[in-house]
Each structure stands twice: as C-alpha cells, then as structure tokens.
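[1] pasted the sequence and its predicted model underneath.
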Amino acid sequence: MTKKALITGITGQDGAYLAEFLLGKGYEVHGIKRRTSLFNTDRIDHLYQDPHEADRRFILHHGDLTDSSSLIRIIQQVQPDEIYNLAAQSHVAVSFEEPEYTANSDALGTLRLLEAIRILGLEKKTRFYQASTSELFGKVQEVPQRETTPFYPRSPYAAAKLYAYWITVNYREAYGMYACNGILFNHESPIRGETFVTRKITRALARIKLGLQDCLYLGNLNSKRDWGHARDYVEMQWLMLQQEAPDDFCIATGVQYSVRQFVEIACRELGMAVRWEGEGVEEKGLDETGRVIVAVDPRYFRPTEVETLLGDPAKAKEKLGWVPRTSFEALVKEMVVADLREAERDQLCQQEGYTTFTYHE
Ligand code: NDP
Ligand code: GDR
C-alpha cells in the first residue's frame, strides 16, 4: 500500500525538501497551500503534476492553519498515514509585529490539526510531526541545549511554538497518539526565505560583487547560531515518525558560528575580502578598497534577542542514526553559488533594459 503524507507549509523551505524526499521514498504526497494573490509555488514547481494526470502522487489542497474547517476537510479526504506540521509564521522578528496572528497560526494551528485527527477518529492511524524549534531555549539555561534543557522563549514566535510543543506532548499522553516534536536548530539552503539572516547575507553579497547593490545592512552581528542544511534535517523529520514509539528529538550540528563569521565565510567564497572597523552600531565591514559593504542598522535589532544557540544532537545520533552530511562551509558555498547565479541573471536583465526589483528587508 502506498503511504500517504500530508505536509502543511509545503510551499516553504522545509516543505519543498520534505516533499521531494517523501516522493523519492514512494509516498503519495499531499500539501496544504494558502490562497495567495500571486503564485508562490516556486520551491515546488519542479514537483508539480497536472491534475489531469493519472496516478498523481503530488497533490495540493487549499487550506489554512487558521481555518479548522479546511483542515478537517483535507484530513478527512486524504486520510494520511503521516502529517508533517511545518506551516508557521516562521519569522522571529515579524512575530513582534504580528504577535496575535503568529499565535493563531503557530500555536492554535497545531491544536486545530491535532483536534482534527481526534475528531475524525484517526488517533491510531495518523502519525504527527510538529516543527518545534531551538527558539524554545531562548535565553539559554544550559550549554549545549538538549531535550532536557529548560525552555525560556524570547519572542511571540517562541511563545507560540512553546504552546505547540506542549499540546503535541499532551495529545500523545492523553490520547495515545503517535506525535513527535522535532526541536530543530537553524537550517538553511539556497531556497531559504530571503529575509532570514543567512540568505540575506549570501544574496546581498552576491549582488554587491556584481555591482547591483552597495551595502548589506544587518542587525546583531554577534548573534551565534548552530546552522545546518535543510536537506539533511527533513530526513530526520521523517525518521522520527518511523520509530516504534513517539519521542522528541533535538536536531543540530553541535557547531556554532556568529553572524559576523557567516559574512566572512560568504565573502571568502565570493573571492571578496572583508575587514571590520568600529564597534556596536558603528561597526562596519570594508572591502579591500575601503568601501563599506556591511553596516549595522538598529532596526534589525529585536526587542528581546536570542544571543546564542548550540545544540547537542546526541540522542538523535544514538536513536535515529543522525549524522549531519553537509558541513557549514559546504552549506555557505552552496548558498553563495546559487545566489551568484541569480544575481548574474538579474544583471543580464538589467543590461538588456529590463528592470529587476530588490526588496530589502
Ligand atoms: P518557511 O517560512 O520557509 O515556510 C513556512 C510555510 O508555512 C510556508 O509554506 C507558508 O506558506 C506556510 N504558512 C504560513 N502560515 C500559514 C498558515 N496560516 N496556513 C497555512 N500555511 C501557512 O519555514 P521553514 O520551511 O524554514 O520552516 C518550517 C517549519 O519549521 C516552520 O514551522 C518553522 O517555524 C519551523 N522551524 C524552522 C527552522 C529553520 O531553521 N528553518 C528551525 C526550527 C523550526 P506561504 O508560502 O504561503 O507563506
Ligand atoms: P532565527 O533566524 O531568528 O534564529 O529564526 P534569523 O536568520 O532571522 O536570525 C538569526 C540571528 O541573526 C540575527 N540577525 C539578523 N536576522 C535577520 N533575519 N536579519 C538581519 O538583518 C539580521 N542581523 C542579525 C538575528 O537577530 C538572530 O539572532 C530561524 C527561523 O527559521 C525560525 O522559524 C526557527 O524556529 C529558528 O531559526 C530556529
């Protein structure tokens, strides 16, 4: 029997990698996508199958985590063996601007899915994966962070994800559901959203290299993260649902870099030099000619910051056989190469008289 998976957030970074991975495993993959005024399926267009094709294994449904009726209808129709709840307002900084919406989609959205499974009597059939996050550790209480480290959320996003974490544990304990939390540390890729710091850096530096942009404005350069590759991490999401008993796992590389170091390594990959001058908001990154290519803009500071995250993936190593395949340097290189290609395309368009628009956020 072909297994059926339902992915919320299929148009996002992880959704795209996971869909590709599950199709490769022979799954029938269903995805929930929100209605948007413009197409937003760039990341999954290569997987698209025309609805008129026979034996389709990739099927999209309109729905929204803030709308129970759509979730119940889709789950009833699909009868999935596995649900991966990846949908979220996933930007920490934006969550300070849209706290209520973030709670509605990230916290209550998770509850709506779990309730839909229960209402439809699928507790014993449908396995559930919740996209939990290292942001739960927030103001860290222990280094490195592991499954037993106390949580201390530092944003509306993290507080919403805290509810989602515990409601997943509660439904597991209360109703015997196979429900897991993957506590994933930051993971990136060439298809990472353009406003997360890694992609913002690789995209901007590639454009600076080609003369399409003058300067990259960043917030906290001292912030440290444990960055892995999204392609490696989605495999762990799947593995968590293939165990005998449900459990929660931290997925991380166990290595940490600062935002400043990320800039340095990305510059190196592009054959550009960067040297730092000044301190705090006055700090600047200069290229070999003394031109300012990186500057601090306090508008990217967060009201409460998560200064440092470093994961301990020992449990995942032991029980899931987790070994991160992509090194930090290889990740940065892959992102830089992809963004350079995109910048070259923009440059060509400009040379041929077409305008390209760059939204800086
Ligand atoms: P993205 O922001 O790339 O993708 C989020 C997805 O959720 C998009 O498909 C988006 O749709 C969808 N979405 C947002 N709001 C709703 C809603 N109300 N109803 C339905 N769909 C919605 O995130 P990632 O792929 O990077 O992350 C996947 C999940 O993992 C998220 O829950 C995130 O919080 C969590 N996470 C991510 C980590 C990371 O480093 N990437 C680390 C730890 C956890 P649209 O395309 O229409 O915007
Ligand atoms: P994060 O990722 O908040 O860890 O959440 P992000 O890349 O946004 O920030 C990482 C760190 O970099 C600092 N920073 C900047 N961040 C952004 N976005 N833009 C800037 O200009 C900038 N300058 C410095 C931030 O302050 C922060 O300290 C991501 C998301 O994918 C979440 O959904 C996920 O849960 C966590 O990772 C794990």
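    Arrived safely, thanks for sending. Ligands and ions are numbered 1, 2, ... in the order given.

[2] tell me how far Phe58 lies from Ser189.
    20 Å (CB to CB, to the nearest Å). Where you see a C-beta, it was placed from the backbone N, CA and C, and this is true even at glycine.

[3] tell me which of the two has more neighbours.
    Using other CB atoms under 10 Å, the more surrounded residue of Phe58 and Ser189 is Ser189, with 23 against 19.

[4] what sits against the nearest residue to the more buried one once chain neighbours are set aside?
    Once flanking residues are discounted, Ser189 sits nearest to Ala230: 4.2 Å by CB to CB, 6 or more residues apart in numbering. By CB atoms under 8 Å, 6 or more residues apart in numbering, the contact list for Ala230 reads 13-14, 17, 187-189, 191-192.

[5] tell me which of those fall in helices.
    Counting by DSSP state H, the contacts of Ala230 place 13-14, 17 in helices.

[6] pLDDT value on the residue in the chain that ligand 1 sits nearest to, please?
    Going by CB to the nearest ligand atom, ligand 1 is nearest to Gly12 of the chain, at 2.1 Å. The model reports Gly12 with a pLDDT of 98.

[7] ligand 2 contacts on this protein?
    90, 92-93, 133-135, 185-186, 195-197, 200, 218-220, 223, 225, 259, 300, 302, 305-306 (CB under 6 Å from any ligand atom).

[8] now the buried members of the residues you listed.
    90, 92-93, 133-135, 185-186, 196-197, 200, 218-220, 223, 225, 259, 305-306 (16 or more other CB atoms under 10 Å).

[9] which ones among those lie within strands?
    133, 218, 225 (DSSP state E).

[10] want to throw those into TSV with distance to Met335 and pLDDT?
    Below are those laid out as TSV (distance: CB to CB, whole Å; pLDDT from 0 to 100):
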residue	distance to Met335	pLDDT
Thr133	21	99
Leu218	16	98
Arg225	14	98
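
[11] what does the stretch 151-300 of the chain put close to ligand 1?
    Checking the stretch 151-300 of the chain against ligand 1 by CB under 6 Å from any ligand atom, the hits are 184, 186-187, 193.

[12] need the buried ones from the residues you listed selected in PyMOL.
    Selection of buried members from these for PyMOL, criterion 16+ other CB under 10 Å:
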select buried, resi 184+186+187
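
[13] so which of the residues of the stretch 151-300 of the chain next to ligand 1 comes closest to Glu277?
    In terms of CB to CB, no member of those lies closer to Glu277 than Asn186, at 27.8 Å.

[14] you'd agree that closest one is up against Glu135?
    No: if you go by CB atoms under 8 Å, Asn186 and Glu135 don't touch, sitting 9.2 Å apart.

[15] hey, which helix is longest across this protein?
    From DSSP H, the single longest helix across the chain is helix 328-351.

[16] mind exporting the C-alpha coordinates of that helix to PDB?
    Output of helix 328-351 as PDB, limited to C-alpha atoms (Å, rounded to 0.1, in the frame of the first residue of the first chain):
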ATOM      1  CA  PHE A 328      29.000  24.600   7.500                       C
ATOM      2  CA  GLU A 329      31.500  25.600   4.700                       C
ATOM      3  CA  ALA A 330      29.700  23.500   2.100                       C
ATOM      4  CA  LEU A 331      26.300  25.000   3.100                       C
ATOM      5  CA  VAL A 332      27.600  28.600   2.700                       C
ATOM      6  CA  LYS A 333      29.300  27.700  -0.600                       C
ATOM      7  CA  GLU A 334      26.100  26.100  -2.000                       C
ATOM      8  CA  MET A 335      24.100  29.200  -1.000                       C
ATOM      9  CA  VAL A 336      26.600  31.600  -2.400                       C
ATOM     10  CA  VAL A 337      26.900  29.800  -5.700                       C
ATOM     11  CA  ALA A 338      23.100  29.800  -6.100                       C
ATOM     12  CA  ASP A 339      22.700  33.400  -5.200                       C
ATOM     13  CA  LEU A 340      25.500  34.400  -7.500                       C
ATOM     14  CA  ARG A 341      23.700  32.700 -10.400                       C
ATOM     15  CA  GLU A 342      20.500  34.600  -9.500                       C
ATOM     16  CA  ALA A 343      22.400  37.900  -9.400                       C
ATOM     17  CA  GLU A 344      24.000  37.200 -12.800                       C
ATOM     18  CA  ARG A 345      20.500  36.600 -14.200                       C
ATOM     19  CA  ASP A 346      19.400  40.000 -12.700                       C
ATOM     20  CA  GLN A 347      22.500  41.700 -14.100                       C
ATOM     21  CA  LEU A 348      21.700  40.300 -17.600                       C
ATOM     22  CA  CYS A 349      18.100  41.500 -17.400                       C
ATOM     23  CA  GLN A 350      19.300  45.000 -16.400                       C
ATOM     24  CA  GLN A 351      21.800  45.000 -19.300                       C
END
